[in-house]
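Q: sequence plus predicted model, see below.
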Amino acid sequence: MADEKFYVTKEGLDELLKEQDNLIHVVRDEVILELQEARAQGDLSENADYDAARDHQARVEARIRELEAMIANAEIIEGDKETSSKTVGLGSTVTIKDLSSEEEETYTIVGSIEADPLNGKLSNITPLAVALLDNKLGDIVEVSNVEEPYKVKIVNLK
């Protein structure tokens, strides 16, 4: 994870920064209080609350370090408006039609950090996104690297 670039939209980076700020300035303080309350109960060797608080502290600190690495290696997706309207790239919003079912779906191609397919955000490393990248409006592309390859048509591109 050290030198790996993380592709993220400006909004996605803002969310990461907000989460990091919350963990550092709110959750950390809550964990400290949990630890103090557990210590006040006495014998730490058989204190389940203390063990739980220490575990919580470890998870919070690990997430803070993970966020710091992601933020430090974040590359903001800023598609060239003229280019992005012609070909699918990071940050593009694309509507596709599955040629076997005739169903249409719309996705925004984002970095893996922001991926949320149920809300229309598709990671750039998924087989569908890989197949769509660098294609144009009207192109029919085959989605491979899946159990059953299928074809989709790009019906809208923003």
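A: In hand now; what should we look at?

Q: pairing partners for Asn156 in the sheet, please.
A: Under DSSP bridges, the beta-bridge partners of Asn156 are Thr95.

Q: that one is in contact with Val88, isn't it?
A: No. Asn156 is beyond contact range of Val88, at 10.9 Å (criterion: CB atoms under 8 Å). Placement of C-beta: from N, CA and C, glycine included.

Q: so Ile96 touches Tyr107, yeah?
A: Yes. Between Ile96 and Tyr107 there is a contact under CB under 8 Å: 7.4 Å.

Q: about what we covered before: so Asn156 and Val88 - more neighbours on which side?
A: Val88 (25 against 12; other CB atoms under 10 Å).

Q: whatever helix or strand Arg65 lives in - contacts with which helices or strands?
A: Secondary structure assigned from DSSP states H and E places Arg65 in helix 48-72. Judged by 3 or more CB pairs under 8 Å, 6 or more residues apart in numbering; DSSP states H and E, helix 48-72 is in contact with helix 10-22, helix 28-39.

Q: between those, which one is nearest to Val130?
A: helix 10-22 (19.7 Å; CB to CB).

Q: now do that closest one: which elements does it pack against?
A: So helix 10-22, by 3+ CB pairs under 8 Å, 6+ apart, packs with helix 48-72, strand 74-76.

Q: list the buried residues of that helix.
A: Neighbour-count burial for helix 10-22, counted by 16 or more other CB atoms under 10 Å, picks out 12-13, 16, 20.

Q: tell me the one among the residues you listed nearest to Ala53.
A: Gln20 (21.2 Å).

Q: please look at that closest one and Glu66 and confirm they touch.
A: No. With contacts counted by CB under 8 Å, Gln20 stays clear of Glu66, the gap being 9.5 Å.

Q: about what we covered before: between the helices and strands packed on helix 48-72, which gets nearest to Ser100?
A: helix 10-22 (32.0 Å).

Q: run through who's touching that closest one.
A: 8, 64, 67-68, 70-71, 74, 76, 78, 110-111, 113-114 (CB atoms under 8 Å, 6 or more residues apart in numbering).

Q: pLDDT check: weakest of those?
A: By pLDDT, Glu78 ranks lowest within the contacts of helix 10-22, coming in at 73.

Q: please name the nearest non-neighbouring residue to that residue.
A: Nearest residue to Glu78 in three dimensions, chain neighbours excluded: Gly91, at 7.1 Å (CB to CB, 6 or more residues apart in numbering).
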